[in-house]
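Novice: Quick one, what's the 3D model for this:
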Amino acid sequence: MSNTNKLPLFPIVIVALGIVLIISAGVWLLKTPVTSPPVTPTAQQNVISEADIPRVSLADAKAALDSGRAIFVDVRSLEAYAQSHIPGALSIPENEIASHLNELKRTDWIITYCT
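Specialist: Numbers count the residues shown, from 1 in each chain. Coordinates of the predicted model:
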């Protein structure tokens, strides 16, 4: 008897294993959620002059607080916030603001303070 009609088993196993790996990778890619990296302001966006920052008078800030028209953000350290802060104010230290921008609504009146 001749063995010339038999296909070698090793190449068939390698091809089958390759097909299984490709299908597994495709399934994994389809099930993995696509997330975009967080948007962080560039250095150019952060460069504004002090004159460009709108100021709020104490009377207007108090009226906004009393009526609930504004969100107050304390940009001091967590320790300073813990010692005293405006009731209801959020604590977002100045050096962390860029990473918390998605927590604030652009349509809200946001008043930051540090003293």
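
Novice: where exactly do the helices run in the chain?
Specialist: Ranges of helices in the chain, per DSSP state H, are 9-31, 43-46, 58-67, 78-83.

Novice: Which of the ones you listed sits closest to residue 101?
Specialist: Residue 101 sits nearest to helix 43-46 of all those, at 10.9 Å, using CB to CB. (Each C-beta comes from the backbone N, C-alpha and C, glycine too.)

Novice: What is the neighbour count of residue 112?
Specialist: Residues lying near residue 112 (other CB atoms under 10 Å) number 16.

Novice: Verify the stated contact: it with residue 73.
Specialist: Yes - if you go by CB atoms under 8 Å, residue 112 and residue 73 touch, sitting 4.7 Å apart.

Novice: pLDDT-wise, which helix or strand of this protein ranks last?
Specialist: helix 43-46 (a mean of 55; mean pLDDT, DSSP states H and E).

Novice: Give me the below-cutoff pLDDT ranges for the protein.
Specialist: 1-7, 34, 36-47 (pLDDT under 70).

Novice: one step back: got the helices of the chain as JSON lines, with distance to residue 91 and mean neighbour count columns?
Specialist: Below are these laid out as JSON lines (distance: least, CB to CB, whole Å; neighbours: other CB atoms under 10 Å):
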{"stretch": "helix 9-31", "distance to residue 91": "38", "mean neighbour count": "9"}
{"stretch": "helix 43-46", "distance to residue 91": "21", "mean neighbour count": "8"}
{"stretch": "helix 58-67", "distance to residue 91": "16", "mean neighbour count": "12"}
{"stretch": "helix 78-83", "distance to residue 91": "4", "mean neighbour count": "12"}
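
Novice: want to try TSV for these, with distance to residue 98 as columns?
Specialist: Formatted as TSV, the helices of the chain follow (distance: least, CB to CB, whole Å):
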stretch	distance to residue 98
helix 9-31	31
helix 43-46	8
helix 58-67	24
helix 78-83	17
